[in-house]
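Peer 1: I need the structure of the sequence given here:
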Amino acid sequence: MTEEPDWLSWSRQVQALAQSGLAFTRDPYDRERYQALTALAARMMAGPAGADPQALQAAFEAERGYATPKLDVRGAVFDHQGRLLLVRELADGGRWTLPGGWADVNQTASECAVREVLEESGYRVKAEKLALVHDRARQGHHPLGPFSICKLFFVCALLAPDPVETGPNIETTDARFFAAGEIPEDLSTGRVLPHQIARLFAHRDDPGLATEFD
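Peer 2: Residues are numbered from 1 along each chain as shown. You can find the predicted model right below:
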């Protein structure tokens, strides 16, 4: 497991405390203090990251309510040959990743994963197992991110061998199946890492493995 730099975890924690404080305080003076902490967290994070502090502050101020991790879902789809489905992510320069994205409201995590697979690849699938529950900050994802993210990886089975037409796709440009020894090197490492893919192959090969977490 990989630890993020202290400056990132500290500034992220300051932002989360300020956000939660703003959600519950009724005191105008405390509100000013939490707003100042939000701006401070943005400056703390922007310096080492080489980012725009005003842009970070705007992103922090857009968050409302008690601060909790964001939820990212990914579908690990295997075909009858045991190959893994990857898609080219348009937003990351055409790098390869597992289909997925942010979880949506009014859908379960597995339903979100199934929907993301369909939207990004055209394949209809069924989620069969929650294989990995990973904290993004502990796994070595790059680039580093300003918010805390929990990533759920579901092993999925194909319901039909061929993709269906789902309309315009503005997120991905390609979808292919890869054997374990053929995984592309140009992975979108902000979304999935080689060791996570290796564990997903292990879960496909041995469905009795327990869900892995942290």
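Peer 1: who's in contact with the residue most central in space within the chain?
Peer 2: Relative to the mean C-alpha position of the chain, the nearest C-alpha, by C-alpha atoms, centre = their mean, is the one of residue 72, at 3.7 Å. Residues near residue 72 by C-beta atoms under 8 Å, 6 or more residues apart in numbering: 100, 101, 102, 103, 136, 149, 150, 151, 152, 191. C-beta coordinates here come from the backbone N, C-alpha and C atoms, glycine included.
Peer 1: What does it show for phi and psi?
Peer 2: Backbone geometry at residue 72, expressed as degrees, to the nearest 10, gives phi -110, psi 130.
Peer 1: Which single one of the contacts of residue 72 is nearest to residue 130?
Peer 2: Each of those was checked against residue 130 using C-beta to C-beta; the closest is residue 152, at 6.4 Å.
Peer 1: Need the pLDDT of that closest one.
Peer 2: pLDDT, residue 152: 98.
Peer 1: and what of residue 91?
Peer 2: Per the predicted model, pLDDT is 84 at residue 91.
Peer 1: And for residue 79?
Peer 2: pLDDT recorded at residue 79 is 95.
Peer 1: Repeat that for residue 166.
Peer 2: Residue 166 is assigned 77 on the pLDDT scale.
Peer 1: Helix, strand or coil: sort out it for me.
Peer 2: The assignment at residue 166 comes out as coil when based on DSSP: H, G, I helix; E, B strand; the rest coil.
Peer 1: in terms of contact, does residue 34 touch residue 18 like I think?
Peer 2: Yes: using C-beta atoms under 8 Å, residue 34 is in contact with residue 18, at 4.6 Å.
Peer 1: Of those two, give the one with the bigger neighbour count.
Peer 2: Using other C-beta atoms under 10 Å, the more surrounded residue of residue 34 and residue 18 is residue 18, with 24 against 19.
Peer 1: what's the nearest residue to that one if we skip its chain neighbours?
Peer 2: residue 37 (3.9 Å; C-beta to C-beta, 6 or more residues apart in numbering).
Peer 1: same question, residue 111
Peer 2: Nearest non-adjacent residue to residue 111 (C-beta to C-beta, 6+ apart): residue 127, at 7.9 Å.
Peer 1: For burial, what's the neighbour tally of that neighbour?
Peer 2: Neighbour number of residue 127 under other C-beta under 10 Å is 22.
Peer 1: related to what we said a few turns ago, between the contacts of residue 72, which sits nearest residue 62?
Peer 2: In terms of C-beta to C-beta, no member of these lies closer to residue 62 than residue 102, at 14.5 Å.
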